[in-house]
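Trainee: pasting a predicted model and its sequence here:
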Amino acid sequence: MTRRQIIVLALVLIAAAALPFFVTNYRTFQFTLVLVYAIALLGLNMLTGYNGQISLGHGAFYAIGAYCTAILMDKYGVPYWATLPVAGAICLLVGFLFGLPALRLEGLYLALATFALGVSLPQLLKYKHFEHWTGGVQGIVIPKPEAPFGLPLKPDQWLYFFTLAVTLVMFALAWNLLRGRVGRAMMAIRDNHIAAEAMGVNNAIYKSLTFGVSAMYTGIAGSLGAIAIQFVAPDSFNIFLSIVLLVGIVIGGLASISGAIYGALFIQFIPNIADEISKAAPWAIFGLFLIGFVYLMPMGIAGAIRMALARLMQKRQNT
């Protein structure tokens with residue numbers, strides 16, 4: 001990273017740390033969800049943006065992570081922070097195992113298989129033999145954690161800082177992963193899987209591991225989302241959630257780490273803005289916003305910012 005990038009990153013982190021002290025509890029809750037969605041979008045972007053595998057069912061992994069946390073907290077009294085690695089490990093395993101048979105599928109066929117996963121999981125959560133664990137259609141209510149060690153923070157503020165810390169760790173891990181050997185192999189498979197295999201890249205292993213890591217990120221996001229909302233139910237994780245996550249990575253910018261933040265801001269706040277503009281047809285307004293962003297920023301928000309900065313630098317050099 002350049003010195004300028006480090007300074008910009010430090011300023012962003014300072015602003016993020018100060019944010020909950022200048023906004024209401026509800027806004028703090030909304031920004032907590034932005035961080036949650038950013039982790040999920042980063043995981044999906046690894047799979048789709050960096051590895052070229054299209055998923056229309058990542059809401060299922062989000063649900064698995066959320067239910068792991070809810071069940072562990074409600075049935076076994078596990079501390080909320082201890083449920084995150086468990087949810088991540090389970091989603092990593094499920095994603096890896098799902099990725100193995102999906103190796104035979106590509107493009108639209110893989111998208112259809114993941115779509116089936118996203119559609120079927122909410123119905124499985126309602127299955128009567130699982131009601132003892134999942135709560136059936138009634139779902140599970142969990143308590144919101146209080147700030148530890150007597151810190152003078154409200155529950156929403158503490159949860160925001162906890163989520164921010166987890167987000168920084170997950171983004172740092174992704175940054176190291178994608179800029180190393182593994183990341184280069186993932187992108188080589190995306191660009192030309194035949195050429196990548198000819199160069200010695202094990203397509204099967206890398207594609208399955210990418211699916212597993214992507215699911216792990218989404219599961220950890222689901223775990224944090226359950227803690228923030230304090231409630232899980234099957235209807236909260238329908239196929240629409242998977243579609244929204246896909247919209248987020250496209251709007252934010254494919255194959256971009258920072259795009260996960262922009263996409264999370266879009267899917268969290270644009271529906272609210274659309275609802276304020278029109279109570280009668282909020283999703284029609286949302287659709288107009290979506291079309292506008294795609295038309296004006298075909299490479300996503302991150303791509304548009306990169307292009308704007310490149311043009312600015314070019315103008316400075318010319319002058």
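Mentor: Ah, there it is. Numbers count the residues shown, from 1 in each chain.

Trainee: just the helices in the protein please.
Mentor: Remark: helices assigned in the chain by DSSP state H are 3-18, 25-45, 58-76, 80-99, 108-125, 131-134, 155-178, 181-191, 193-198, 203-229, 239-252, 259-277, 282-296, 300-318.

Trainee: tell me the pLDDT of Met1.
Mentor: Met1 is assigned 66 on the pLDDT scale.

Trainee: swap in Val137?
Mentor: Confidence for Val137, expressed as pLDDT, is 89.

Trainee: sorry, back to before: of all the helices of the chain, which lies closest to Gly52?
Mentor: Of all those, it is helix 181-191 that lies closest to Gly52, at 3.3 Å by Cβ to Cβ. Every C-beta, even on glycine, is put in place using the N, C-alpha and C of the backbone.

Trainee: would you mind pulling the contact partners of that closest one?
Mentor: Residues outside helix 181-191 that contact it (Cβ atoms under 8 Å, 6 or more residues apart in numbering) are 46, 50-52, 177-178, 195-196, 199, 201, 203, 206-207, 209-210, 255.

Trainee: now render the helices of the chain as TSV, adding mean neighbour count and distance to Phe149.
Mentor: Listed next are the helices of the chain as TSV, based on neighbours: other Cβ atoms under 10 Å; distance: least, Cβ to Cβ, whole Å:
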stretch	mean neighbour count	distance to Phe149
helix 3-18	11	18
helix 25-45	24	20
helix 58-76	26	20
helix 80-99	19	13
helix 108-125	18	36
helix 131-134	15	33
helix 155-178	18	10
helix 181-191	18	37
helix 193-198	14	49
helix 203-229	26	18
helix 239-252	22	35
helix 259-277	20	29
helix 282-296	14	42
helix 300-318	13	37
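
Trainee: dump the ones you listed into a markdown table; add distance to Pro148 as well.
Mentor: Output for those, formatted as a markdown table (distance: least, Cβ to Cβ, whole Å):
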| stretch | distance to Pro148 |
| --- | --- |
| helix 3-18 | 18 |
| helix 25-45 | 17 |
| helix 58-76 | 16 |
| helix 80-99 | 9 |
| helix 108-125 | 31 |
| helix 131-134 | 28 |
| helix 155-178 | 8 |
| helix 181-191 | 35 |
| helix 193-198 | 47 |
| helix 203-229 | 14 |
| helix 239-252 | 31 |
| helix 259-277 | 26 |
| helix 282-296 | 38 |
| helix 300-318 | 35 |
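
Trainee: who wins for proximity to Glu146 among those helices?
Mentor: Nearest of the helices of the chain to Glu146, taken as Cβ to Cβ: helix 155-178 at 5.7 Å.

Trainee: can you count the residues close to Ala147?
Mentor: 15 (other Cβ atoms under 10 Å).

Trainee: please apply the same query to the one 4 residues further on.
Mentor: A count of neighbours around Leu151, defined by other Cβ under 10 Å, yields 11.

Trainee: how about it, phi and psi?
Mentor: Main-chain dihedrals, Leu151, degrees, to the nearest 10: phi -60, psi 140.
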